[in-house]
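Chemist: need a structure here:
(one chain, ligands or ions: 1)
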Amino acid sequence: MEQDCGSVTPERGGRILTQTAPSSLEDQAGIPNTGQRKTATSPTLPGISVKRALPFLKWAGGKGQLLDQLSPHFPKAFNRYFEPFLGSASVYFFLRNNRPQFAATLIDANADLINCFEMVKEDLDGLLPLLRNYQRRHAENFYYKTREQKPASLGRLERAARFIYLNKTCYNGLYRVNKSGAFNVPIGSYPKPKIFDEDNLRAVSEALQGTTLLCAHFSKVLAYAHKGDLVYFDPPYFTETNGFTSYAVSASGRTDFTAGDHKMLERNVADLIERGCKVVVSNSDTQFIRRLYKQSKVHVVAARRYINCNGSGRGRVEELVITG
Ligand SMILES: C[S@@+](CC[C@H](N)C(=O)[O-])C[C@H]1O[C@@H](n2cnc3c(N)ncnc32)[C@H](O)[C@@H]1O
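Modeler: Now for the predicted structure:
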């Protein structure tokens, strides 16, 4: 099935790639403030030991390091869960590991990313042999040959395997495309990169069952979220300088997430709060973002940012969590 949603716009929205009927859920226990531990099973539910799914991709702006600080800002109870800037899904997996029963809709504008999640969810047994092959063949020449391939010329499974391979072997797990949408990140310097962890991928596949995955613009959430639902937004950060903001390319060649996009997001947030949704937003601590959300509750959390465009953004920086 053709998957490209690079031309997703707020007007057009995106196509639904898979869908399951959302169900409401009974009152949930709060999220234990335990963070995401690298253990294979979770003792968080009395009497049940379930495998914990952890992010299987490296993702710029990934919230894996921030879960302990974020979790107190999530409501104790909610109906369905929506995450319109999915990335590596670290927050979804964290919630899923701690609250196994809720319907979730996971959205991202990056068509290759969503295809990858779909293949892990729907055909992991088909994907694993391809990943083993990538693991065996990894070398500098092989990396650049793989990078040259056009995703549109590949089948969905092959496209997903290539995406995971490039993500795990490229410089810093960065996702960057040129104006024609071609992935252009150089190889990273990892002597023996681990492309995948089969046990974790099985846990991830399990955690994705029953979810709705959408390749769409973030505003698509307005068509679905109702009173009592939780929406978590983690957009590309606003930076006052030329920070890292590019994740997905549109058909028009646009790769940035502008101040205008942040303003539109704030209006979407206000609309969702107005209709009774619970909303949590992450962003960088800048004057612009503070002004934009001056009507909302703004909390400061410390974060470690791993990637920006010139590497100078490493180290401890403050982030904002906005709730409503
Ligand atoms: C900061 S990352 C999210 C990181 C994620 N929370 C995690 O823990 O890995 C932002 C994501 O937003 C997606 N994105 C960028 N522009 C978008 C848009 N207009 N609509 C929906 N998703 C978008 C990017 O593809 C990227 O995956």
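Chemist: for the rest of this, base every contact and every neighbour count on C-alpha atoms.
Modeler: Noted.
Chemist: buried ones in stretch 128-141?
Modeler: 128, 130-131, 134-135, 138 (16 or more other C-alpha atoms under 10 Å).
Chemist: same question, stretch 273-281
Modeler: Neighbour-count burial for stretch 273-281 flags 273, 277-281 (criterion: 16+ other C-alpha under 10 Å).
Chemist: how far is it from where the chain is centred?
Modeler: Here stretch 273-281 is found 20 Å from its chain centre; the criterion is C-alpha atoms, centre = their mean, to the nearest Å.
Chemist: start to end distance for that stretch?
Modeler: Taking C-alpha to C-alpha, to the nearest Å, stretch 273-281 runs 12 Å from one end to the other.
Chemist: can you give the contact residues for that stretch?
Modeler: 73-75, 78, 225-234, 269, 272, 321-324 (C-alpha atoms under 8 Å, 6 or more residues apart in numbering).
Chemist: swap the cut-off to 10 Å and go again
Modeler: Residues outside stretch 273-281 that contact it (C-alpha atoms under 10 Å, 6 or more residues apart in numbering) are 70, 73-75, 77-83, 225-235, 265-272, 293, 297-298, 320-324.
Chemist: which ones among those residues are found in helices?
Modeler: Counting by DSSP state H, the contacts of stretch 273-281 place 70, 265-272 in helices.
Chemist: out of these, flag the one nearest to the ligand.
Modeler: residue 265 (9.1 Å; C-alpha to the nearest ligand atom).
Chemist: nearest residue to that closest one other than its sequence neighbours?
Modeler: residue 219 (7.5 Å; C-alpha to C-alpha, 6 or more residues apart in numbering).
Chemist: burial measure for the one you found, as a count.
Modeler: Residue 219 is flanked by 20 other residues according to other C-alpha atoms under 10 Å.
Chemist: that one should be in a strand, yeah?
Modeler: No: counting by DSSP: H, G, I helix; E, B strand; the rest coil, residue 219 is located in no strand; its state is helix.
Chemist: returning to what we had before: of the ones in helices among the contacts of stretch 273-281, which are in range of the ligand?
Modeler: Near the ligand, judged by C-alpha under 6 Å from any ligand atom, there are no entries from the ones in helices among the contacts of stretch 273-281.
Chemist: who wins on neighbours among those?
Modeler: For these, neighbours tallied by other C-alpha under 10 Å; top is residue 269, 26 neighbours.
Chemist: excluding chain neighbours, what is closest to that residue?
Modeler: Among residues not flanking residue 269 along the chain, residue 279 sits closest, at 7.0 Å (C-alpha to C-alpha, 6+ apart).
Chemist: export the buried residues of stretch 273-281 to TSV and tack on secondary structure, distance to the ligand and pLDDT?
Modeler: Output for the buried residues of stretch 273-281, formatted as TSV (DSSP: H, G, I helix; E, B strand; the rest coil; distance: C-alpha to the nearest ligand atom, whole Å; pLDDT from 0 to 100):
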residue	secondary structure	distance to the ligand	pLDDT
273	helix	19	97
277	coil	19	98
278	strand	17	98
279	strand	14	98
280	strand	12	98
281	strand	10	98
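Chemist: near the ligand, which residues of this protein?
Modeler: So far as C-alpha under 6 Å from any ligand atom goes, the chain lies against the ligand at 59, 61-64, 84-91, 108-110, 216-218, 234-236, 247-248.
Chemist: recalculate using a threshold of 5 Å.
Modeler: 61-63, 85, 87-88, 90, 108-110, 217-218, 235-236, 247 (C-alpha under 5 Å from any ligand atom).
Chemist: now do the helices in the stretch 151-300 of the chain.
Modeler: For the stretch 151-300 of the chain, the helices defined by DSSP state H, counting those that start in this stretch cover 156-169, 198-208, 259-274, 287-292.
Chemist: right, so those: which one is the most enclosed?
Modeler: helix 156-169 (a mean of 23; mean count of other C-alpha atoms under 10 Å).
Chemist: what packs against that one?
Modeler: helix 111-122, helix 124-137, helix 140-148 (3 or more C-alpha pairs under 10 Å, 6 or more residues apart in numbering; DSSP states H and E).
Chemist: residue 183 is nearest to which of those helices?
Modeler: Residue 183 lies closest, by C-alpha to C-alpha, to one member of those: helix 140-148, at 6.7 Å.
Chemist: which other residues reach that closest one?
Modeler: Helix 140-148 has contacts (C-alpha under 10 Å, 6+ apart) with 134, 137-139, 162-163, 165-166, 169-170, 182-189.
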